[in-house]
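J.: got a predicted structure plus its sequence, pasted below:
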Amino acid sequence: MKRVITYGTFDLLHYGHINLLRRAKALGDYLVVALSTDEFNWNMKQKKCYFPYEQRKELLEAIRYVDLVIPEENWEQKVTDVKEYHIDTFVIGDDWEGKFDFLKDEGVEVVYLPRTPEISTTQIKNDLNRQ
């Protein structure tokens, strides 16, 4: 079984997120999503989420492409996660290009997928603020 992992906040879930999850799942048999906790988002990214962690987790668990949702609590856990969950492929948006190449040293394929160009959570928030 080929295992894939991706990371993200997945707040204000939209079709760009679904597109990423669909393409990530297509790279393997089992998709693990590491979902940023509220504390990690605030303390490390200075991001405030609209939906709390548990609600974002429920939304992700309802998506057919997602097999398991785990918490992302710090930047450093990626190496531990790929070992603990026996990950073959690490997938993330291409806005992170090159940032996770160190996982190749762990024997993991690293794939940077193009983002869905016309949509982002930041864009949604900006559009709503303008109204």
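T.: Now that the structure is in, tell me what you want to look at. Keep in mind that what you see is a predicted model, and the values were worked out from it rather than measured.
J.: hmm, who's touching stretch 75-90?
T.: 2-7, 27-28, 32, 34, 44, 68, 70, 100, 102-103, 106, 108-111 (CB atoms under 8 Å, 6 or more residues apart in numbering). Using the backbone N, CA and C atoms, a C-beta is placed for each residue, glycine as well.
J.: list the buried residues of stretch 23-42.
T.: Judged by neighbour count using 16 or more other CB atoms under 10 Å, the buried positions of stretch 23-42 are 23-25, 27-28, 30-38, 40-41.
J.: I meant to write stretch 96-108 there.
T.: Buried, per 16+ other CB under 10 Å, within stretch 96-108: 100, 103, 108.
J.: now do the contacts for the first one.
T.: Read that as residue 100. 78, 90, 92, 110.
J.: quick one: which of these is most hemmed in?
T.: Using other CB atoms under 10 Å as the neighbour criterion, residue 90 leads the contacts of residue 100 with 24 neighbours.
J.: check the secondary structure at it for me.
T.: Following DSSP: H, G, I helix; E, B strand; the rest coil, residue 90 is assigned to strand.
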